[in-house]
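1. Pasting a predicted model and its sequence here:
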Amino acid sequence: MSSWVPQAQGLQEVLQTLHESTDMNVAVQRAITQKLNNFTRAPEYIAYLAYILAAMPQEEDRIRTIAGYLLKNNSRLILTAAPEVAAYVKAAILQAFNDDSLMIRNAAGQDVVAFLGQLEPRSWPECLSQLMNTLDSTDLDRQEAAFNVLEKACEDYPRKMDVEIGGTRPLDFMIPKFLMLAEHPSAKMRSHAIACLSYFVPVGSQSLFVHIDTFIAVLFKLASDDDPSVRRHVCQALVLLLAARPEKLMPEMNNVAEYMLYSTKDKNENVALEACEFWLTFAEDADLAVHLHPLLGKVAPVLLDCMVYGEDDLLWLEGDAEDAAVPDKETDIKPRHYGSGKSHGLERDAAGAAPKSRIGAYGEETIDSDEEDEYDLDDEDFADEMSTEWNLRKCAAAALDVLAVRFGGDLLNVLLGPLKEKLWSNDWLQRESGILALGAMAEGCIEAIEPHLSTLVPYLINTLSDPKPLVRSITCWTLGRYASWTTQPISEEHKNLYFVPTMEGLLRMVLDNNKRVQEAGCSAFATLEEDAGLELAPYLEPVLQNLVVAFDKYQHKNMLILYDAVGTLADAVGRALQNPRYVEILMPPLTNRWSRLKDDDEDLIPLLECLASVTIAMGSAFVPYAPPVFERCTNIIHTSLLKYQQYQQNPDLEEPDKSFLVVALDLLSGLTQGMGMELQPLIQASNPNLLQLLTVCLKHPQAPVRQSAYALVGDMAMGCFVLLRPHMPGIMAELTLQLDPEPKYDFISASNNAAWSVGEVALRYGRDDPEFKQWVNPLIARLIPILLHPKAPRSLHENAAVSIGRIGLTHPDLVAPHLPEFAQAWCQALYEIRDNEEKDSAFRGFCTLVQANPPGIAKSLLWFCNAIVRWNQPSPELNEMFQTLLQGFKQHDPAAWNAQTAVFPQPIQERLATRYGV
């Protein structure tokens with residue numbers, strides 16, 4: 001053992017705190033937490049904990065175990081500990097791992113995993129040696145305990161295990177040992193062995209791959225093992241091999257596929273789930289499609305059968321309750337991540353934006369997996385956890401979803417018979433699984449399913465009246481998956497047969513008496529809103545009246561989804577919401593909720609996000625409601641900035657939540673977009689002045705705050721520039737610093753918004769403004785490197801290019817000399833962007849620069865012409881500029897022009913000739 005010995009007083013203090021920690025009184029617990037946090041600053045704290053765990057058998061096991069648990073949570077402290085403290089802790093943990101008490105051995109086992117991860121095997125080789133030696137013990141319990149620790153280490157940090165220490169690689173002797181132990185008489189030992197081996201597959205460990213054929217042979221040998229845990233790890237290993245080394249499985253694929261199909265139907269759900277992951281992994285790899293295609297006929301029906309709720313699922317789900325009036329438990333409300341801030345991006349031609357994901361995969365709310373997964377759940381928590389965790393049903397549905405995208409109509413041909421059987425079955429569980437499958441296949445099979453939708457959509461709408469809530473909720477989800485079809489403005493008949501009944505049916509589900517159905521209905525309705533857009537405008541009155549009833553009916557959790565649905569509706573119908581009748585329906589419940597929530601209530605955050613969309617849509621109709629909203633936002637910003645200032649002065653305080661600050665800025669952006677100059681009296685009366693607060697937000701250390709602050713700068717430039725202008729010197733100083741060619745990942749959106757807002761500001765100053773002129777060179781000196789930087793995100797390239805164009809429009813004499821530096825990169829950044837006003841003004845600026853410096857475009861002429869012909873409908877002014885420039889080039893030197901354009905790709909030559917006569 002090391003020379004370290006505890007001081008009596010210190011030991012007594014830690015021990016006493018551990019004893020007190022068993023008191024359940026809330027105030028005592030709070031004091032204990034504070035005390036334990038203070039202890040972490042004591043340099044020898046972990047040694048005291050290790051001493052209590054390993055060297056105080058006279059203490060209760062419970063107290064020693066608490067010491068072990070705290071030791072694990074503070075394992076990082078060993079990296080900064082004095083050498084004698086570190087040496088003592090390492091020796092004490094290994095000593096405790098051999099304790100007579102099982103409880104102590106278990107606690108020490110967790111400590112070994114944590115400390116070996118922090119130190120890494122090369123700084124603690126004796127630990128690895130002790131664990132490997134214990135695998136040869138004659139005591140089976142000790143063997144299993146050592147293997148359990150090794151398995152957790154291999155799972156948590158396989159790369160740290162795959163190292164060289166003193167010229168040898170521990171894995172070179174560990175892997176053969178594990179392969180040998182895979183045939184151990186104890187099932188637990190066999191299971192640990194396969195698990196340990198499999199964790200080295202994804203990291204490409206050469207120590208394993210030299211034995212890969214032996215490993216695969218061992219897997220085949222254990223495939224029919226009696227123990228489900230062994231079979232589960234065999235399936236898991238085959239999944240990992242398929243992802244990392246598929247070529248090794250291909251020669252045996254028929255056998256492997258048969259085994260995996262058989263295992264997907266295993267009575268043990270853990271085995272079935274691992275086997276089902278095989279099909280998900282197989283489907284996700286496009287290169288393996290040719291091997292998977294012949295198996296579709298066997299695989300797809302098995303997956304379909306896996307999607308039926310099991311008896312255990314139904315026990316957890318308590319699906320039949322009319323529980324709309326039952327308040328939610330705290331555990332029902334999963335943490336949501338708010339305050340990611342507004343981000344300014346441009347739409348590209350080819351890419352359709354991915355829809356906002358709402359309700360979790362396959363019709364149920366997903367669970368946020370937290371890094372800390374060692375909670376002691378009580379029975380009720382466990383029940384809630386069970387209903388939302390990844391399971392066989394969801395895995396099968398996810399695999400079907402990917403198969404549909406991969407194989408489209410071929411998958412539907414295989415499943416048409418079995419699917420019809422399920423959809424028209426008398427057993428509600430079969431029907432429910434068929435509807436889930438239909439939704440899972442929506443994205444990939446839409447073309448093949450489309451001819452059947454005229455039958456299927458009415459079937460689904462009819463199924464919304466099913467007496468089983470689980471059937472109604474999955475039907476909502478599936479209708480949401482087909483919303484892009486039902487909302488197509490094909491004909492009046494299509495609208496009356498499919499769109500209106502879907503809308504009415506989902507609105508009925510929004511007001512269902514079962515909370516799960518409300519959640520699914522509200523989520524699906526939000527998807528319908530996004531797809532329908534202005535098609536919803538004629539129905540706004542009934543839609544709003546339904547949503548307003550939900551404000552009175554919903555419990556806490558679904559209220560958050562309702563805010564999202566209202567915000568999405570406002571985004572979808574835009575200014576159609578200005579009708580005074582609609583304002584009268586919607587605003588009272590929103591202001592009622594608003595007045596009931598305190599400034600620090602987390603439920604205020606989604607309400608503010610919702611209001612940001614509503615204010616933009618209502619525009620000047622929102623004016624009567626604006627003063628209290630504006631005042632509250634500025635108060636929240638002021639309070640948040642003060643709290644952050646206190647935190648910076650005293651880092652021991654908890655870091656304040658940025659979300660309130662972010663959503664308050666975003667709501668002010670909404671007010672600015674909706675009301676423009678009508679905000680003037682509110683801004684002028686604000687105290688402290690909003691623009692002074694905004695300038696402070698631009699310096700905030702947290703990127704999402706800066707991101708939303710720059711969005712507000714851009715929106716104010718567009719909506720009320722005269723109010724912003726007096727504050728521009730302070731704003732520009734910060735803004736220029738934010739323009740970084742290679743921002744940290746977290747800073748990308750803040751840099752994006754800064755780059756965008758510069759262009760908006762430049763346009764508002766106008767041509768040759770002397771105040772803006774002072775900033776042109778510093779801005780261009782930062783924007784050009786962003787545009788030329790190969791690693792800058794695409795969105796940042798685009799926003800920088802637009803702003804260079806706009807600054808070029810207002811100060812061409814200062815920007816034109818730089819044209820040869822950036823012309824090609826500029827055209828490459830913007831040619832795919834959809835036609836819009838931003839792109840138009842940027843191109844007008846670029847053309848102005850070319851007019852001012854024609855030789856500057858000489859080396860980039862092909863890219864410029866490509867960017868020109870990619871326009872669908874340039875504004876008359878821009879089109880005229882294109883015409884003038886192209887004709888000018890040709891007339892200046894016809895022979896050179898013809899020689900250059902002769903090597904252009906054919907489509908570019910044709911469009912130039914057709915559109916511009918060159």
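-> In hand now; what should we look at?

2. Where does the prediction get shaky in the stretch 1-150 of the chain?
-> Applying pLDDT under 70 to the stretch 1-150 of the chain flags the ranges 1-2.

3. switch the cut-off to 50
-> The stretch 1-150 of the chain contains no residues with pLDDT under 50.

4. show me where it has helices.
-> 8-20, 26-39, 45-55, 61-73, 83-96, 102-119, 125-134, 140-156 (DSSP state H, counting those that start in this stretch).

5. Need the winner for burial among those helices.
-> helix 45-55 (a mean of 25; mean count of other CB atoms under 10 Å). (Glycine included, C-beta is placed from N, CA and C.)

6. in the chain, which helix or strand is least confident?
-> helix 379-388 (a mean of 39; mean pLDDT, DSSP states H and E).

7. Is it possible to get TSV of the helices of the stretch 1-150 of the chain that adds distance to Asn391?
-> Shown next, in TSV, are those (distance: least, CB to CB, whole Å):
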stretch	distance to Asn391
helix 8-20	38
helix 26-39	34
helix 45-55	37
helix 61-73	29
helix 83-96	36
helix 102-119	27
helix 125-134	33
helix 140-156	20
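
8. Could you say which one of those helices comes nearest to Thr810?
-> Of all the helices of the stretch 1-150 of the chain, helix 26-39 sits nearest to Thr810, with 54.8 Å by CB to CB.

9. Which strands or helices does that closest one pack on?
-> Using 3 or more CB pairs under 8 Å, 6 or more residues apart in numbering; DSSP states H and E, the elements in contact with helix 26-39 are helix 8-20.

10. let's see 10 Å
-> If you count contacts as 3 or more CB pairs under 10 Å, 6 or more residues apart in numbering; DSSP states H and E, helix 26-39 packs onto helix 8-20, helix 45-55, helix 61-73.

11. Pull the last one out as PDB, backbone CA atoms only.
-> This file holds the C-alpha atoms of helix 61-73, laid out as PDB (Å, rounded to 0.1, in the frame of the first residue of the first chain):
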ATOM      1  CA  ASP A  61     -21.600  -2.200   4.400                       C
ATOM      2  CA  ARG A  62     -24.200   0.400   3.400                       C
ATOM      3  CA  ILE A  63     -21.900   3.300   4.500                       C
ATOM      4  CA  ARG A  64     -18.900   1.800   2.800                       C
ATOM      5  CA  THR A  65     -21.000   1.300  -0.400                       C
ATOM      6  CA  ILE A  66     -22.000   5.000  -0.300                       C
ATOM      7  CA  ALA A  67     -18.300   5.800  -0.100                       C
ATOM      8  CA  GLY A  68     -17.700   3.600  -3.100                       C
ATOM      9  CA  TYR A  69     -20.500   5.200  -5.100                       C
ATOM     10  CA  LEU A  70     -19.100   8.700  -4.400                       C
ATOM     11  CA  LEU A  71     -15.700   7.500  -5.300                       C
ATOM     12  CA  LYS A  72     -16.900   6.400  -8.700                       C
ATOM     13  CA  ASN A  73     -18.700   9.800  -9.300                       C
END
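
12. so which strand or helix has the closest residue to Thr527 other than its chain neighbours?
-> Take Thr527 and drop its neighbours on the chain: the residue closest to it by CB to CB, 6 or more residues apart in numbering is Gly480, 4.0 Å away. Per DSSP states H and E: Gly480 is located in helix 469-481.

13. Show me what that helix is packed up against.
-> Using 3+ CB pairs under 10 Å, 6+ apart: helix 469-481 touches helix 311-317, helix 428-440, helix 442-463, helix 500-510, helix 515-532.

14. out of those helices, nearest to Gly567?
-> helix 515-532 (8.6 Å).

15. quick check: angle from the closest one to helix 428-440?
-> Interaxial angle, helix 515-532 versus helix 428-440 (axes from the mean of the first three to the mean of the last three CA atoms, to 10 degrees): 30 degrees.

16. residue contacts, Gln16?
-> Listed by CB atoms under 10 Å, 6 or more residues apart in numbering, the contact partners of Gln16 are Lys35.

17. and what of Phe173?
-> The contact partners of Phe173, by CB under 10 Å, 6+ apart, come to Met132, Ser207.

18. May I have the predicted confidence score for it?
-> Note for Phe173: predicted pLDDT of 94.

19. repeat for Leu249
-> pLDDT, Leu249: 91.

20. burial measure for it, as a count.
-> Counted with other CB atoms under 10 Å, residues neighbouring Leu249 total 20.

21. Return the most buried member of the helices and strands packed on helix 469-481.
-> Of all these, helix 515-532 has the most neighbours on average by mean count of other CB under 10 Å, namely a mean of 27.

22. list the helices and strands that helix packs on?
-> Against helix 515-532 (3+ CB pairs under 10 Å, 6+ apart) you get helix 469-481, helix 483-486, helix 500-510, helix 540-553, helix 556-573.

23. which other helices and strands contact the second one?
-> In this structure, helix 483-486 packs against helix 442-463, helix 500-510, helix 515-532, with contacts taken as 3+ CB pairs under 10 Å, 6+ apart.

24. just checking, what packs against the first one?
-> So the one you mean is helix 442-463. Contact here means 3+ CB pairs under 10 Å, 6+ apart; on that basis helix 442-463 packs against helix 392-407, helix 409-423, helix 428-440, helix 469-481, helix 483-486, helix 500-510.

25. what do you get if the cut-off is 7 Å, keeping everything else the same?
-> Applying 3 or more CB pairs under 7 Å, 6 or more residues apart in numbering; DSSP states H and E, we find helix 442-463 packed against helix 392-407, helix 409-423, helix 469-481, helix 483-486, helix 500-510.

26. any idea which of those helices is most buried?
-> Among the helices and strands packed on helix 442-463, highest average neighbours (mean count of other CB under 10 Å) belong to helix 469-481, with a mean of 27.

27. Format the helices and strands packed on helix 26-39 as TSV; extra columns: distance to Ala321.
-> Output for the helices and strands packed on helix 26-39, formatted as TSV (distance: least, CB to CB, whole Å):
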stretch	distance to Ala321
helix 8-20	42
helix 45-55	46
helix 61-73	38
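
28. Nearest approach to Ala440 belongs to which of those helices?
-> Evaluated with CB to CB, those place helix 61-73 nearest to Ala440, the distance being 40.4 Å.

29. end-to-end on stretch 34-44?
-> 18 Å (CA to CA, to the nearest Å).

30. Name the residues that touch it?
-> Residues from elsewhere that reach stretch 34-44 (CB atoms under 7 Å, 6 or more residues apart in numbering): Val14, Thr17, Tyr45, Leu70, Asn74, Leu77, Ala81, Ala82, Val85.

31. Dump those into JSON lines; add distance to Tyr563 as well.
-> Converted to JSON lines, the contacts of stretch 34-44 look like this (distance: CB to CB, whole Å):
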{"residue": "Val14", "distance to Tyr563": "47"}
{"residue": "Thr17", "distance to Tyr563": "43"}
{"residue": "Tyr45", "distance to Tyr563": "45"}
{"residue": "Leu70", "distance to Tyr563": "40"}
{"residue": "Asn74", "distance to Tyr563": "40"}
{"residue": "Leu77", "distance to Tyr563": "43"}
{"residue": "Ala81", "distance to Tyr563": "49"}
{"residue": "Ala82", "distance to Tyr563": "53"}
{"residue": "Val85", "distance to Tyr563": "52"}
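
32. Tell me, how many residues neighbour Ala703?
-> Neighbour number of Ala703 under other CB under 10 Å is 20.

33. Please name the residues that touch it.
-> Asp746, Phe747, Ala750.
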